[in-house]
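A.B. asks: Starting from these lines, generate the structure:
(2 chains)
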Protein chains: 2
Amino acid sequence: MACRSRILPTLKRTRLPSRYAVSAQQLKAPLQCRWQSNAASPEAKAQEGTKIIKFTTDSYPEIKRDSRFAEITPEHVEYFKGILGKESALIDGVTKDATDDMEPFNADWMRKYRGHTKLVLKPGSTEEVSKILKYCNDNMLAVVPQGGNTGLVGGSVPVFDEIVIQMGRMNAIRSFDEVSGTLVADAGCILETTDRYLADRGHIFPLDLGAKGSCHIGGNLATNAGGLRLLRYGSLHGTVLGVEAVLPDGTIVDELSKLRKNNTGYDLKQLFIGAEGTIGIITGIAIQCPQRSKAVNVAFFGLESFEKVQKAFIEAKGQLGEILSAFELMDRNSQRMVKEYTNNKSPLEDEHPFYCLIETSGSNAEHDTEKLEKFLEDVMEKEIVLDGVVAQDDTQIKALWSWREGVPEAIGGFGGAYKFDVSIPLAEMYTLVEDTRVRMEEAGLIGVSDSHPVKDVVGYGHMGDSNLHLNVSVRRYDKAVEKALEPWVYEWIEKRSGSISAEHGLGLAKKKYIGYSRSETMIGLMKQVKNLYDPNGIMNPYKYI
Amino acid sequence: MACRSRILPTLKRTRLPSRYAVSAQQLKAPLQCRWQSNAASPEAKAQEGTKIIKFTTDSYPEIKRDSRFAEITPEHVEYFKGILGKESALIDGVTKDATDDMEPFNADWMRKYRGHTKLVLKPGSTEEVSKILKYCNDNMLAVVPQGGNTGLVGGSVPVFDEIVIQMGRMNAIRSFDEVSGTLVADAGCILETTDRYLADRGHIFPLDLGAKGSCHIGGNLATNAGGLRLLRYGSLHGTVLGVEAVLPDGTIVDELSKLRKNNTGYDLKQLFIGAEGTIGIITGIAIQCPQRSKAVNVAFFGLESFEKVQKAFIEAKGQLGEILSAFELMDRNSQRMVKEYTNNKSPLEDEHPFYCLIETSGSNAEHDTEKLEKFLEDVMEKEIVLDGVVAQDDTQIKALWSWREGVPEAIGGFGGAYKFDVSIPLAEMYTLVEDTRVRMEEAGLIGVSDSHPVKDVVGYGHMGDSNLHLNVSVRRYDKAVEKALEPWVYEWIEKRSGSISAEHGLGLAKKKYIGYSRSETMIGLMKQVKNLYDPNGIMNPYKYI
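C.D. replies: Presented below is the predicted three-dimensional model:
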């Protein structure tokens, strides 16, 4: 294939914060299919009517209710009413029928998990969380902390009758220092709202992900969310300065430091980042927010092999250096599905085996454009890239991103998908997709006709973080497919010292597979920590480790 | 004062890695005064002869040897010889006199702390560390892990007869991936050597500090070192991907993940970062190393007030954005001392109340220079900056940095110094220096004549991290000065929710002051963690929390 040179003539500078505002809107749509949304799309509503979500207890009959936990009584409810003070801070399905009101808190938005809770508590302060947990701990009442309930592994909904502690009422920005960029906020703040607040003050939340319109920043910490710009801003373990959390016994962990440097003892706040609500509830966070970049550029290009994708990544790191803010990978099948699902015109004329989306964010539009232009010239000349386009304005930036961000929705639109969110050393990252396809073929499970359960095997993800989303798109869920995939995929990953859950966490879905990414010793040490903080095991039971 | 315009005519592009090579050389000098150096300067050797380091047990008579610990016997020594296999991996002061050989491991390089150890073990592998610790734990033998022994708080030397476990033999680079930038290395690798290895491969260790010529990367993790470029590359909690460590009972914590994203359970490796060797010994690290910047620029300027310094910082963050790699502060007194000590000519003609050093690191020299030029033009025009120079070549970059990096040595050169390494919210950062001076004046302790113990009160530090180094330079150590300073300084910091130890850690020096930066609750939770991992308390006793 000959290299094309149509990138450069169309090159033009673009400015922020277009991309941010847009992606949120685009992404709201699928999220509004969630039970708890009052504005569900007609399709979603229709689906709600036709498809009942299976109870987790039916999908996982091997999980038994822990008999140490007490059943909730009207007396318990009375006590919580006393703590919370007002009727609206509590949904009581114990003393009356509140099944419908309860449903959004019982079911996850993927419609895969559904619990049996009869009580939802919505505390308005850290002190209330403390009183609730202490009481639950004293009375052996199991709880599930819940943020925006946008998780993908069933971690934020109950399995049995665990009490849901929903953090949405704690949604205040506590302080922001424009000189240092330090934000202190309640855990229940919505990510997008928080980022908008920061945008007005020239800063950016150092995390961005698809569910930003609904997810809580407390939930982001609890699940150690990674997202689209980890490449640039690093992990929450580095950007979070302080955490306020409540332990099961009601102890308030007051680690809400605003300092970038504070070497006075063990950094215990780190334990709460990624603990998925199993040792306490995060109620507040302090985080270092970078300056918002004045200029954003997005390029989208096609490549002939994964080897070339790797070369392009090395060149991008070297040439774009400090302004590179995203390097995303999409394979041909993922783009075909987006095209089929959206009926949109592809950004590139011809089809290519691989596509990459590069974003730069910097303080000087002219410099950034020049760097990107030079980089593109270079990778075209070296025949690393076959074809490409650069967004000329905000609309085009949105459009290009939609070919990456629209992948999960498109895949979900054709029935269902077995989803794997994995980390693999870069060189072998795409091999998993190829091997999975071969495995599906050998098992006779994949094909164009409806008789085959598998429609396609698709790979995309955060190339910059070695984070692949492997999706096996299916016409219908089928035990044969599941059996062919699990634990085979996990064994494949284990052999390469990868991670079976890069950013989605363990929850209920991955609990039993942790051994593929962690040694017996490490799991033992983790259980020690769990027992230390939650000896009664009331925090988010049946999940995690 | 009128603004000068001599910055721009002298502006010229400079290129890396000049600065890095240089600072290391410059900084080696004071570090070579350490006992363990074979190449100590004549001055240091003279000093060694004239000044005997006081035993810590004499300076802190209130600390009593924990009677639970066993005394080392010849049988213990035999056992360790069996583990380590060769004579040179052990210094035995138990069965023979080895006082001189032992001294470099007993005394810290600040010459403030000195222990009574009679045994130094130098393990060559993680397995050897495991066997040593298990034996020590089983036999109640206390140990002190020791890296480069460049700490400033007495954390890396014994107090009584704790066995020193010196990590210098574990100094291999295990692997480096040029695509992902992931380095895996033994804990005993010297920071500078590691950084040179990375420089040859186009990358940089995401940490740089004065002691780089001697300190170990394992020690850097154990003390959560901050250093000069935290502003740019973030904290080790974010950049470290994996840790291999040995617990007191010999358990090998195998968390040496090379993955940027791995959400499979509690992130226990974080506990070892900043634990100062109190719960285990770090034996290996995996860390994310950024691309090395092709271009480095350094500017040095004078300002009339701390208010203007803050304004300059805000402008630098905004205008230099992603290329800003250091923003350092030095007050007039610190620069006077460097001038007096080195006899060098100041970079600026006139004296100013404050000086800042700005460094940019980026991928494009031309762009960076243009940004810096524009920034300087802007801050001159707004009269934020009074005067300034920009380095024209590598020699000038070195020279400018020496006015910042030479401060500690200069201060130490006039007798001694009471040193405080603190974090304070930016707006009040310099007020501590002013208030301390007033306090010294009111107590009649400061003056030009030799009858006054205090020569000067000096402030400098990492402005970008709100990290101030407050130094009270003294002609001689004096209990009256100490009494006037402590706990007054700590109370001052507590009132502003600052940290009494920003980056130096607790060690022995700050152990008793932790309560000024941490609540009772937090200290209690920390003790829980200590007891969980080190129930016998053999790891680095008498220190930390």
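A.B. asks: dump the residue contacts of the closest residue to chain B within the stretch 1-150 of chain A.
C.D. replies: Closest residue of the stretch 1-150 of chain A to chain B, C-beta to the nearest C-beta: residue A:130 (11.6 Å). For every residue, glycine as well, the C-beta is placed using N, CA and C. By C-beta atoms under 8 Å, 6 or more residues apart in numbering or on different chains, the residues touching residue A:130 are A:246, A:250, A:251, A:252.
A.B. asks: pretty sure the second one is in contact with residue A:131, am I right?
C.D. replies: Yes - the pair formed by residue A:250 and residue A:131 meets the contact definition of C-beta atoms under 8 Å, at 6.8 Å.
A.B. asks: quick one: pLDDT of the residue of the stretch 1-150 of chain A closest to chain B?
C.D. replies: Note for residue A:130: predicted pLDDT of 98.
A.B. asks: where exactly do the strands run in the stretch 101-250 of chain A?
C.D. replies: A:119-121, A:143-146, A:163-166, A:173-177, A:182-186, A:240-246 (DSSP state E, counting those that start in this stretch).
A.B. asks: ok, and does the fourth one reach over to chain B?
C.D. replies: Yes - on the criterion C-beta under 8 Å from any C-beta of the partner chain, strand A:173-177 is in touch with chain B at residue A:177.
A.B. asks: Now do that strand and strand A:182-186, the angle between them.
C.D. replies: Put simply, strand A:173-177 runs at 180 degrees to strand A:182-186, going by axes from the mean of the first three to the mean of the last three C-alpha atoms, to 10 degrees.
A.B. asks: before we move on, what about the longest one?
C.D. replies: Here strand A:240-246 runs at 20 degrees with respect to strand A:182-186, directions being taken by the same axes, to 10 degrees.
A.B. asks: and the following helix or strand past strand A:240-246, is it in reach of chain B?
C.D. replies: Later in the chain than strand A:240-246, the nearest helix or strand by DSSP states H and E is strand A:252-255. Yes - residues of strand A:252-255 are located near chain B by C-beta under 8 Å from any C-beta, namely A:252, A:253, A:254, A:255.
A.B. asks: In terms of distance to chain B, which of those ranks first?
C.D. replies: Nearest member of the residues of strand A:252-255 next to chain B to chain B, counting by C-beta to the nearest C-beta, is residue A:254, at 5.6 Å.
A.B. asks: Quick check: bridge partners of the closest one?
C.D. replies: residue A:244 (DSSP bridges).
A.B. asks: Where does chain A get nearest to chain B, residue-wise?
C.D. replies: For chain A, C-beta to the nearest C-beta, closest residue to chain B: residue A:238, 1.7 Å.
A.B. asks: residues touching the closest residue to that residue other than its chain neighbours, list them.
C.D. replies: Sequence neighbours aside, residue B:238 is the residue nearest to residue A:238 in space, at 1.7 Å (criterion: C-beta to C-beta, 6 or more residues apart in numbering or on different chains). Residues near residue B:238 by C-beta under 8 Å, 6+ apart: A:234, A:235, A:237, A:238, A:239.
A.B. asks: Hmm, the third one is touching residue A:226, no?
C.D. replies: No - the criterion here is C-beta under 8 Å, and residue A:237 misses it with residue A:226 at 10.9 Å.
A.B. asks: Return the most buried member of the strands of the stretch 101-250 of chain A.
C.D. replies: strand A:143-146 (a mean of 28; mean count of other C-beta atoms under 10 Å in any protein chain shown).
A.B. asks: what packs against that one?
C.D. replies: On a contact count with 3 or more C-beta pairs under 8 Å, 6 or more residues apart in numbering or on different chains; DSSP states H and E, strand A:143-146 meets helix A:126-138, strand A:163-166.
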